[in-house]
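J.: prediction below, plus the sequence it came from.
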Amino acid sequence: MNYKDKYNLWLGFDNDTKTELLSIADDEKEIEDRFYKDLAFGTGGLRGIMGAGSNRMNKYTVGKASLGIANYLNSKSSGEVKVAIAYDSRNNSKLFSETAAAVFSSKGIKVYLYETLVPVPVLSFTTAHLGCDAGIMVTASHNPKEYNGYKVYDSKGCQLCTEDAKTALDFINQINDYQSIDFSPVTENITYIGQDVLNDYYSAVSEQSVYTEKSDLKIVYTPLHGTGNIPVRRMLEGMNVTVVKEQEMPDGNFSTVRSPNPEEKDALTIAIEKAKESNADLVLGTDPDCDRVGIAVRNGDDFVLFTGNQTGALLVKFILTMKKDTLNEKSTLVKTIVTSDLGANIGRKFGLRIEETLTGFKYIGDKINKYEETGKQEFVIGYEESYGYLVGTHARDKDAVVSSMLICQMAAWYKNQGKTLLDGLNDIYAEYGYYLDYLDSFVLKGKDGAEKIQDLMVLFRAEGRRLFDGIKEIIDYQKGISDLPKENVLKFIFNDGSWMAVRPSGTEPKIKVYYSIVDSDRENAKVRLDKIREKINSIINN
């Protein structure tokens with residue numbers, strides 16, 4: 001069935017879907033983009049722009065995914081199957097969570113459903129805490145307001161990894177008739193989750209606290225219209241915290257920011273202005289589903305935005321310093337292949353074992369699962385350059401609630417020494433060398449964009465050594481490296497230890513280029529970065 005056949009089929013669905021699709025009847029490109037493929041699982045599960053169509057997030061694609069997952073879970077068990085479901089602050093998130101609950105309940109599955117929005121790590125915790133077979137989180141993380149998504153978790157609260165995701169997707173793909181999906185909830189199979197589970201989560205996060213000395217640290221926090229407001233403030237009780245009122249309440253339109261992504265500079269603009277007015281030391285911002293956190297640190301009269309790699313390296317040093325007496329030969333730090341080596345080098349100096357995973361925090365969560373099964377290693381900290389960190393094993397996904405608590409404790413620890421986090425970072429550079437990390441994301445939308453991304457990966461594989469000077473090694477993760485699953489990622493290692501990695505995004509129509517430049521001189525590092533970025537831009541934009 002081609003995209004036009006699918007379009008005509010969907011015109012026979014409900015009236016709202018028909019009306020929306022008729023409004024684009026004269027836009028062939030839009031029709032093609034909505035129907036040329038079905039949404040597929042990437043590094044962050046199912047994710048896409050909301051609207052009518054097989055390549056969009058809507059009642060039917062959520063229903064299809066839920067029915068497929070339900071059949072997958074029922075095929076694995078002869079007894080009662082249980083699923084936990086939660087949602088974030090995005091438009092339609094509550095609707096999609098209730099849609100999922102209805103479909104699961106119609107298949108005889110016991111559903112535990114949150115009545116109010118909660119962060120991703122809470123769903124991860126809840127899934128294991130309630131002894132569920134799976135968890136569903138309706139969220140599109142830090143994506144723009146047009147997006148929503150659907151993450152699937154295993155019984156330990158870890159997102160489905162390669163083989164399980166493939167099997168689940170096979171079950172989803174077996175469903176060809178959207179109109180056969182039963183959207184009628186079986187109410188006796190649905191139980192709403194109460195405050196007691198949230199309190200258990202807060203207790204688990206509190207157990208990761210490492211520094212409680214009083215300080216005069218002043219913090220400005222923004223939840224960026226998301227789920228972090230109550231949980232983060234709960235974990236920062238006793239500290240001097242001011243919340244950005246304009247961004248305090250949930251808002252699926254994210255009306256005060258261009259994008260609710262703390263990785264992007266302008267997301268923290270309002271918070272930084274508040275911090276300047278109140279003479280605060282630290283700005284903290286969490287994304288809508290509160291699994292990522294970004295910070296800005298006072299530097300004189302201005303504020304410096306930290307990268308995920310910089311915050312990660314600081315957290316590694318702080319956590320390991322605080323826990324040095326409990327570390328042993330099993331203690332392990334886990335990072336992704338596109339995360340800077342700085343934090344890993346700090347870990348090595350403390351005697352930690354270092355492991356790398358593919359991009360996506362689910363792979364870090366899967367490492368925790370394996371450590372618990374074998375007992376051969378102990379998870380201490382895991383993080384990725386995209387502002388995601390986890391300390392503790394209460395969750396199997398990145399957790400901006402525990403990270404926010406620890407970042408603020410870290411800032412208080414430094415302030416009690418008469419230092420800022422910027423001073424702490426410079427101390428690290430003085431000891432380990434200077435690391436300049438950067439990310440370029442190139443948006444290439446639609447079918448044409450997807451084809452161009454694949455063509456670019458072919459080009460980089462074939463011509464990489466010719467395109468860039470000083471390459472020592474090219475690692476092609478599509479061939480399978482060590483025990484890692486195969487993935488469409490290339491990493492170029494330069495002679496001096498610097499590197500560059502190229503990968504298509506698993507959740508957005510983007511190709512991403514990661515840079516990590518190592519140099520004793522900051523200006524030299526910047527010149528080198530600019531030169532490589534200029535080359536990359538000329539290749540991709542031409």
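T.: The structure has been received and is ready for your questions. Numbering: from 1, shown residues only.

J.: what is the burial count for the closest residue in space to K94 that isn't next to it in sequence?
T.: Excluding its sequence neighbours, the residue lying closest to K94 (C-beta to C-beta, 6 or more residues apart in numbering) is Y87, at 5.5 Å. To be clear about C-beta, it is placed using only N, CA and C from the backbone, and glycine gets the same treatment. When counting by other C-beta atoms under 10 Å, one arrives at 28 neighbours for Y87.

J.: Y87 touches Y114, doesn't it?
T.: Yes: with contact taken as C-beta atoms under 8 Å, Y87 and Y114 are classed as touching, separated by 6.9 Å.

J.: can you pull the contacts of L422?
T.: By C-beta atoms under 8 Å, 6 or more residues apart in numbering, the contact list for L422 reads 297-299, 304.

J.: circling back to that earlier point, what touches both of Y87 and Y114?
T.: Here Y87 and Y114 have S97 as joint contacts, going by C-beta under 8 Å, 6+ apart.

J.: name the residues linked to L436 by a beta bridge.
T.: I517 (DSSP bridges).

J.: that one contacts E523, correct?
T.: No: using C-beta under 8 Å, L436 and E523 do not qualify as a contacting pair, with a distance of 10.2 Å.

J.: so for these two, which sits in the more crowded spot?
T.: Each of L436 and E523 had its neighbours counted (other C-beta under 10 Å), and the higher figure belongs to L436 (19 against 8).

J.: which strands or helices does the least confident helix or strand in the chain by mean pLDDT pack on?
T.: Comparing every helix and strand of the chain by mean pLDDT, DSSP states H and E singles out helix 162-173 as the least confident one, with a mean of 89. Applying 3 or more C-beta pairs under 8 Å, 6 or more residues apart in numbering; DSSP states H and E, we find helix 162-173 packed against helix 59-76.

J.: only alpha carbons, please: show the helix it packs on as CSV.
T.: In CSV, the C-alpha atoms belonging to helix 59-76 read as follows (Å, rounded to 0.1, in the frame of the first residue of the first chain):
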residue,chain,number,x,y,z
LYS,A,59,-5.1,8.1,18.9
TYR,A,60,-4.6,5.4,16.3
THR,A,61,-0.8,5.1,16.3
VAL,A,62,-0.8,5.1,20.1
GLY,A,63,-3.5,2.5,20.0
LYS,A,64,-1.6,0.4,17.6
ALA,A,65,1.6,0.6,19.7
SER,A,66,-0.4,-0.3,22.8
LEU,A,67,-2.1,-3.3,21.3
GLY,A,68,1.2,-4.6,19.9
ILE,A,69,2.9,-4.2,23.3
ALA,A,70,-0.1,-5.8,25.0
ASN,A,71,0.1,-8.8,22.7
TYR,A,72,3.9,-9.0,23.2
LEU,A,73,3.5,-9.0,27.0
ASN,A,74,0.6,-11.5,27.0
SER,A,75,2.7,-13.8,24.8
LYS,A,76,5.4,-13.9,27.4
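
J.: got the buried residues for it?
T.: Along helix 59-76, these residues count as buried under the neighbour rule (16 or more other C-beta atoms under 10 Å): 59-74.

J.: bridged to the residue nearest to K94, which residues?
T.: In this structure, Y87 has the following beta-bridge partners (DSSP bridges): V138.

J.: list the contacts for it?
T.: Contact criterion C-beta under 8 Å, 6+ apart gives 93-94, 96-97, 114, 117-118, 137-139 as the residues in contact with Y87.

J.: make a markdown table from those residues and add pLDDT to it.
T.: Converted to a markdown table, these look like this (pLDDT from 0 to 100):
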| residue | pLDDT |
| --- | --- |
| S93 | 98 |
| K94 | 98 |
| F96 | 98 |
| S97 | 98 |
| Y114 | 98 |
| L117 | 97 |
| V118 | 98 |
| M137 | 98 |
| V138 | 98 |
| T139 | 97 |
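
J.: take the residues you listed and keep only those in helices.
T.: 93-94, 96-97 (DSSP state H).

J.: name the nearest residue to V205, sequence neighbours excluded.
T.: The shortest distance from V205 to any residue other than its chain neighbours is 4.8 Å, reached at V402 (C-beta to C-beta, 6+ apart).

J.: so the one you found lies in a strand, does it not?
T.: No: the assignment for V402 by DSSP: H, G, I helix; E, B strand; the rest coil gives helix, which leaves it out of any strand.

J.: what's the average pLDDT for stretch 371-389?
T.: Computed over stretch 371-389, the mean pLDDT rounds to 97.

J.: any idea how far that stretch is from the chain center?
T.: Using C-alpha atoms, centre = their mean, to the nearest Å, the distance from the centre of stretch 371-389 to the centre of the chain it belongs to is 15 Å.

J.: and if you look at stretch 306-325?
T.: Between the centre of stretch 306-325 and the centre of its host chain there is 19 Å, according to C-alpha atoms, centre = their mean.

J.: ok, now stretch 130-148?
T.: 10 Å.

J.: would you mark the buried spots in stretch 207-227?
T.: Buried residues in stretch 207-227, counted by 16+ other C-beta under 10 Å: 208, 211, 215, 217-227.

J.: tell me which of those fall in helices.
T.: If you go by DSSP H, these have nothing in helices.

J.: what ranges in this protein fall below the confidence cut-off?
T.: When the per-residue scores of the chain are filtered using pLDDT under 70, the ranges that remain are 41-44.

J.: please go through it and pick out the longest helix.
T.: What stands out as the longest helix in the chain, according to DSSP H, is helix 446-467.

J.: which other helices and strands contact the helix or strand following that helix?
T.: Once helix 446-467 ends, the next helix or strand along the chain (criterion: DSSP states H and E) is strand 471-476. For strand 471-476, the elements it packs on are helix 446-467, strand 490-494, judged by 3+ C-beta pairs under 8 Å, 6+ apart.

J.: quick one on the thing from earlier: of the contacts of Y87, closest to I181?
T.: The closest of these to I181 turns out to be F96 (C-beta to C-beta; 13.5 Å).

J.: may I see the buried residues of stretch 207-227 organised as CSV, with distance to Q377 added?
T.: Shown next, in CSV, are these (distance: C-beta to C-beta, whole Å):
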residue, distance to Q377
Q208, 18
Y211, 25
S215, 34
L217, 34
K218, 39
I219, 34
V220, 38
Y221, 34
T222, 36
P223, 34
L224, 35
H225, 38
G226, 33
T227, 31
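
J.: of those residues, closest to I475?
T.: Q208 (33.5 Å).

J.: any idea how many residues pack against the residue nearest to that closest one when sequence neighbours are not counted?
T.: Distance criterion C-beta to C-beta, 6+ apart; nearest residue to Q208, sequence neighbours excluded, is G392 at 4.3 Å. Counted by other C-beta under 10 Å, the residues lying close to G392 total 17.

J.: surely G392 is in contact with Y201?
T.: No: G392 sits out of contact with Y201 when judged by C-beta under 8 Å, with a separation of 11.2 Å.

J.: what about the helices in the stretch 1-150 of the chain?
T.: Remark: helices of the stretch 1-150 of the chain, listed N- to C-terminal, are 3-10, 15-22, 28-35, 59-76, 93-106, 120-129; assignment by DSSP state H, counting those that start in this stretch.

J.: most packed of these?
T.: Highest mean neighbour count among the helices of the stretch 1-150 of the chain (mean count of other C-beta atoms under 10 Å): helix 120-129, with a mean of 27.

J.: other SSEs contacting it?
T.: With contacts defined as 3+ C-beta pairs under 8 Å, 6+ apart, helix 120-129 has these neighbours: strand 82-87, strand 110-114, strand 134-138, strand 147-153, helix 195-206, helix 400-415.

J.: now tabulate the helices and strands packed on strand 471-476 in JSON lines and tack on mean neighbour count and distance to H129.
T.: Putting these into JSON lines (neighbours: other C-beta atoms under 10 Å; distance: least, C-beta to C-beta, whole Å) gives the following:
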{"stretch": "helix 446-467", "mean neighbour count": "14", "distance to H129": "39"}
{"stretch": "strand 490-494", "mean neighbour count": "19", "distance to H129": "37"}
